[in-house]
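Engineer: got a sequence here, can you model it:
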Amino acid sequence: AEFILKNNLVKKEVPKEKEVDLSVIDDINYYTEYISKNVELYRSIFNLSEERLREIKKEVLIEVGIKIISKSVTIEDINQSIIKRLK
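Structural biologist: Below is the predicted model of the structure:
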């Protein structure tokens, strides 16, 4: 015990856990659902396959993901991204 204390081998402070901003997770979930619902609306109009629907959703999320995380995304950004992929 003396050796451990003498050589400062005991950490006296417990490192704090990094705080997770739960609002970002909520935002991601909200916008992911928004994207899914909007892409689904175009399914029958454009006769989209399941695979194409997934691709569009993924591409839109990739494009606006950084904006979602930085909290600078708008609904208009998302709608434009969806429309761009339907052309």
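Engineer: mind checking how far the most centrally placed residue in the chain is from Val64?
Structural biologist: Using Cα atoms, centre = their mean, the residue of the chain that lies closest to the mean C-alpha position is Ile28, 4.2 Å off. Separation of Ile28 from Val64 (Cβ to Cβ, to the nearest Å): 10 Å. Where you see a C-beta, it was placed from the backbone N, CA and C, and this is true even at glycine.
Engineer: one step back: in this structure the residue nearest to the centre of the chain contacts Ile66, no?
Structural biologist: No - the criterion here is Cβ atoms under 8 Å, and Ile28 misses it with Ile66 at 11.5 Å.
Engineer: count the residues that sit near Ser72.
Structural biologist: 10 (other Cβ atoms under 10 Å).
Engineer: hmm, I was thinking of Ser81
Structural biologist: The burial count for Ser81: 19, using other Cβ under 10 Å.
Engineer: which SSE is it in?
Structural biologist: helix 75-86 (DSSP states H and E).
Engineer: hmm, who's touching that helix?
Structural biologist: Contact with helix 75-86 is made by 31, 34-35, 38-39, 42, 46, 55-56, 59-60, 63-64, 67, as judged by Cβ atoms under 8 Å, 6 or more residues apart in numbering.
Engineer: quick one: contacts of the helix or strand harbouring Asp26?
Structural biologist: Taking DSSP H and E as the definition, Asp26 sits inside helix 22-41. Outside helix 22-41, the residues that touch it by Cβ under 8 Å, 6+ apart are 53, 56-57, 60-61, 64, 68-69, 71, 73, 75, 78-79, 82.
Engineer: good, wrapping up.
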